[in-house]
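Novice: coordinates for the following, if possible.
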Amino acid sequence: ATLKRFKKDERILIELTEPDDIIQFKLFNGEQNSNFQMFISNDNTNYEYSHNYIGNGALSWDIIKPKVKGKYILIIFNEDSTLGEIALYNNSKEKIKIDNISYNAEQIKKLTDEQDTIPKQVSYMNSSYFDEVYFARTAYEYVENIPTYEWTHPPLGKIIQAIPMFITRHLSPFNYRLMGNISGIIMLIIMYLFGKELFKKRKYGIFASLLMFFDTFHFVQTRMGTVDSHLVLFMMISVLGMIKYCNNKKILNLLISGIFFGLAVCVKWTGLYCGLGLAIIYFTYMLKNKEFNLKHILYGAGFFVLIPLIFYIGVYFLFPNNNINYTNNFKSIINQQEAMYNYHSKLEAEHFFSSEWYTWPISYKPVWYHQVIIDNNTKETISGLGNIVIWWMGIFAMIYLLAKTILKKDKSSFYILILILSLWLPYVFIGRIMFLYHYFPVTPFMMLAIVGLFKDLTEKLKLKYIIPIYLVFVIAFFIIYYPVITGNAVSLDYLDKIQLFNSWYF
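Specialist: You can find the predicted model right below:
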């Protein structure tokens, strides 16, 4: 979409060249929500007030139904605003032809030059939803080199998100969701490598990858135009590099681990929780192998402190133009970190879909991301719901993992356990509201715990069919809840039947 920016008090006058009553006004809100007053007249002299419109979501379509009808529409902007394409509909609910509209200025024609983009129905396929209104908007602002809106997280995730828009010079949901989807696909490959590395057989790598593939929560999160997919992917690669280093002592793997740890922190500060797990694994490795010496300390400092610090500072210098601090020097970057810390530590807010950290493993309260009511019996809905066949089994698997680590001193179990605890338990001490998606980084390692459990069931108890039988139930849950995680239109009756708990909203 091509966006047009309007200043406060700027006006648009839209005139129908043929008399026709306007009963619907469809518009696309740009990166700045539109804020304007609408007046309608039959004679271009006597105007009647219709609306005070404030957009309810950046990068999204909206519909206004004027309270009065007439030949002329006068729009006066209350604040700086951005509009994309607009369309008018008449008494017959037909779109009024552009040839039948005249404007007060040539530049306003930009608002009607892409009529083929006008959707019949507003949905997630053509509009942003949930936190896309922050992240996708900011990614677009990076492309346009204008002050960025979202500043409470480091820039890297939004820079990555902006790549398709920068290449194509086109703003669309497909473009600002594409990189997250790609990261989600790469995560499946990393899971295969994890399973193979930890459990030494290809079939366990395939099993690990299939668990992630059919996890409804992974599916929802990686289709959304936010940055969590990049965060989790970088964490996974960093951990895999560390485990490979501990297994084969190749310094390149340690370097890879440090690089991707740095990239994770450049997406969100929660990447530091992964650093806690990496540090425990690295120091345990050095102590066990009697390699706690200056060389390995320098490796750790260089790969996990110096390189991440260079990356972190670099991304701020790359795109310094944000609404809080123009980060073109070290002092302004430090000020930016202070502002971010104050925001997160002092945030006092409530949200209906927030949840406590100890409820996450059972997917007690999913985050309801989106809904559109189509008619009295049908709607499209998207809910961040975990596949409970996986997640609930994950609870038993983690308990088994703990016992195996303590009793058997099993190395693979120790690695997985440390990562689960490092990525999950810090939330015990966080007082601000939290959501189920904060558990997202834990889920790959929870799935690896399941693989470890089923490996022992297969090899020690000789239950050779238990994995395929279990996967049948995993896939069945995914299929049953597919409409809930994709936004496909489905009947309200179907949704009622699959709502197992009152805390599940869709």
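Novice: now do the strands in the stretch 401-506 of the chain.
Specialist: Secondary structure of the stretch 401-506 of the chain by DSSP state E, counting those that start in this stretch: the strands cover 490-491.
Novice: likewise the stretch 101-250 of the chain?
Specialist: For the stretch 101-250 of the chain, strands defined by DSSP E, counting those that start in this stretch occupy the ranges 101-103.
Novice: where does it dip in pLDDT?
Specialist: 101-108 (pLDDT under 70).
Novice: hmm, 50 instead?
Specialist: Along the stretch 101-250 of the chain, the model assigns pLDDT under 50 to no residue.
Novice: which residues of it fall in helices?
Specialist: Along the stretch 101-250 of the chain, the stretches classed as helices by DSSP state H, counting those that start in this stretch are 132-144, 156-168, 173-199, 202-213, 216-222, 228-248.
Novice: same check, this time on the stretch 301-450 of the chain
Specialist: Under DSSP H, counting those that start in this stretch, the stretch 301-450 of the chain gives helices at 307-318, 330-345, 388-408, 411-424, 443-459.
Novice: would you turn these into JSON lines with distance to C246, mean neighbour count and mean pLDDT?
Specialist: Using the backbone N, CA and C atoms, a C-beta is placed for each residue, glycine as well. JSON lines is the format used below for the helices of the stretch 301-450 of the chain (distance: least, C-beta to C-beta, whole Å; neighbours: other C-beta atoms under 10 Å; pLDDT from 0 to 100):
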{"stretch": "helix 307-318", "distance to C246": "19", "mean neighbour count": "16", "mean pLDDT": "95"}
{"stretch": "helix 330-345", "distance to C246": "32", "mean neighbour count": "14", "mean pLDDT": "93"}
{"stretch": "helix 388-408", "distance to C246": "15", "mean neighbour count": "18", "mean pLDDT": "96"}
{"stretch": "helix 411-424", "distance to C246": "8", "mean neighbour count": "23", "mean pLDDT": "96"}
{"stretch": "helix 443-459", "distance to C246": "15", "mean neighbour count": "23", "mean pLDDT": "97"}
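Novice: what about the helices of the stretch 101-250 of the chain, which gets the closest to I498?
Specialist: Across those, I498 has its closest neighbour in helix 216-222 (11.6 Å, C-beta to C-beta).
Novice: what about the closest one, distance to the chain center?
Specialist: 9 Å (C-alpha atoms, centre = their mean, to the nearest Å).
Novice: one more: stretch 407-417?
Specialist: 32 Å.
Novice: now stretch 396-410
Specialist: Averaged C-alpha coordinates place stretch 396-410 at 32 Å from its chain's average position (C-alpha atoms, centre = their mean).
Novice: stretch 329-349 now?
Specialist: In terms of C-alpha atoms, centre = their mean, the gap separating the centre of stretch 329-349 from the centre of its chain is 22 Å.
Novice: list the contacts of it.
Specialist: The contact list for stretch 329-349 (C-beta atoms under 8 Å, 6 or more residues apart in numbering) reads 151-153, 269, 313, 316, 320, 322, 324-327, 432-433.
Novice: need those in JSON lines with distance to Y369, can you?
Specialist: Output for these, formatted as JSON lines (distance: C-beta to C-beta, whole Å):
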{"residue": "W151", "distance to Y369": "23"}
{"residue": "T152", "distance to Y369": "19"}
{"residue": "H153", "distance to Y369": "18"}
{"residue": "W269", "distance to Y369": "23"}
{"residue": "I313", "distance to Y369": "33"}
{"residue": "Y316", "distance to Y369": "30"}
{"residue": "P320", "distance to Y369": "31"}
{"residue": "N322", "distance to Y369": "26"}
{"residue": "I324", "distance to Y369": "27"}
{"residue": "N325", "distance to Y369": "31"}
{"residue": "Y326", "distance to Y369": "33"}
{"residue": "T327", "distance to Y369": "31"}
{"residue": "R432", "distance to Y369": "20"}
{"residue": "I433", "distance to Y369": "16"}
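Novice: are any of those buried, and which?
Specialist: Among those, those scoring as buried are 151, 153, 269, 316, 320, 322, 325, 327 (criterion: 16 or more other C-beta atoms under 10 Å).
Novice: let me know the closest of those to L193.
Specialist: Checking those against L193 by C-beta to C-beta gives W269 as the nearest, at 26.4 Å.
Novice: wasn't that closest one part of a helix?
Specialist: No - W269 is assigned coil when assessed by DSSP: H, G, I helix; E, B strand; the rest coil, not a helix.
Novice: how long is stretch 315-327 from one end to the other?
Specialist: 10 Å (C-alpha to C-alpha, to the nearest Å).
Novice: over to stretch 28-44?
Specialist: Counting by C-alpha to C-alpha, you get 25 Å between the two ends of stretch 28-44.
Novice: and it, what's buried?
Specialist: Neighbour-count burial for stretch 28-44 [16+ other C-beta under 10 Å]: 28-36, 38-41.
Novice: do the same with stretch 59-77
Specialist: Within stretch 59-77, judged by 16+ other C-beta under 10 Å, the buried ones are 59-62, 64, 66, 68, 70-75, 77.
Novice: leaving out the residues flanking it, which one is nearest to I75?
Specialist: The shortest distance from I75 to any non-neighbouring residue, by C-beta to C-beta, 6 or more residues apart in numbering, is to I12 (4.3 Å).
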